[in-house]
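K.L.:
Structure of the sequence below:
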Amino acid sequence: MTRRQARLEAAKRKGQRQADDWNERYPVGTPVTAYPLTLPGENPHFFQQLDTATRTPAWILGHGEPVVSVEGYAGGICLTHVDPIVTPRTIAALDVPAAVVEQQLARDVCLKAMDKTFSPSDRIAYANDLYLLAHPEACSTDADYPEWAAGLALQTAKNRTSRRAS
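P.N.:
Prediction:
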């Protein structure tokens, strides 16, 4: 794989993660402010602001740029040019258990680390971590193997005895 192909694949993976994050947070129909051609202040001749709603889930283009379609505009608009109109939530909706916050933080750390590494084995490890964070039922516990702790203690005792005898 050439460097160019590797960069393209990395851009596609990053764009797909951004699109997936967008789709997870903002379902189709989310009210948004979209700037199809240029952002405010960049080029007043081409500036256009649309107060609209998304009409498709986000996806990536061939070069990895994540885009979304909105009502009243043909084609996709880069996610960097789309601002969701977020309504204030009640304090009850913001009050989440610490375990949920810790899981979200761990997911964010894995995604950032995955973006920074070029090692295939590290990427696989981070992908596995992300899977296990999303599917805790796939993790085994001591309850799944009740004799494990006793067997480990017995093996440790045998090793100590063996080392002392030598």
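K.L.:
Please work out the average pLDDT along the helix or strand containing Ile77.
P.N.:
Under the criterion of DSSP states H and E, Ile77 resides in strand 76-78. Confidence over strand 76-78 (mean pLDDT, whole number) is 92.
K.L.:
ok now that strand, how far from the chain's centre?
P.N.:
The chain centroid and the centroid of strand 76-78 are separated by 20 Å, computed with C-alpha atoms, centre = their mean, to the nearest Å.
K.L.:
Any buried residues in the helix or strand following it, and which?
P.N.:
Proceeding C-terminally, strand 76-78 gives way to strand 82-84 as the next helix or strand, assigned by DSSP H and E. Neighbour counts using 16 or more other C-beta atoms under 10 Å place Val82 of strand 82-84 among the buried residues. (Glycine included, C-beta is placed from N, CA and C.)
K.L.:
And for strand 82-84, what's in contact with it?
P.N.:
Outside strand 82-84, the residues that touch it by C-beta atoms under 8 Å, 6 or more residues apart in numbering are Arg25, Tyr26, Thr30, Pro31, Val32, Thr33, Ala34, Tyr35, Thr54, Val68, Val70.
K.L.:
any idea which helix or strand comes after that strand?
P.N.:
Immediately after strand 82-84, counting by DSSP H and E, sits helix 91-94.
K.L.:
Would you mind identifying the next helix or strand past that following helix?
P.N.:
Heading towards the C-terminus - elements assigned by DSSP H and E - helix 91-94 is followed by helix 98-116.
K.L.:
Export only the CA atoms of that next one, formatted as CSV.
P.N.:
Output for helix 98-116, consisting of C-alpha atoms alone and laid out as CSV, is shown next (Å, rounded to 0.1, in the frame of the first residue of the first chain):
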residue,chain,number,x,y,z
ALA,A,98,-20.8,8.2,36.6
ALA,A,99,-20.3,4.8,34.9
VAL,A,100,-21.9,6.1,31.7
VAL,A,101,-19.6,9.2,31.7
GLU,A,102,-16.6,7.0,32.3
GLN,A,103,-17.5,4.7,29.4
GLN,A,104,-18.0,7.8,27.1
LEU,A,105,-14.6,9.1,28.2
ALA,A,106,-12.9,5.8,27.6
ARG,A,107,-14.5,5.6,24.1
ASP,A,108,-13.3,9.1,23.3
VAL,A,109,-9.8,8.3,24.5
CYS,A,110,-9.7,5.1,22.3
LEU,A,111,-10.9,7.1,19.3
LYS,A,112,-8.3,9.8,19.7
ALA,A,113,-5.5,7.2,20.2
MET,A,114,-6.8,5.3,17.1
ASP,A,115,-6.5,8.5,15.1
LYS,A,116,-2.9,9.1,16.1
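K.L.:
Kind regards, and thank you for your time.
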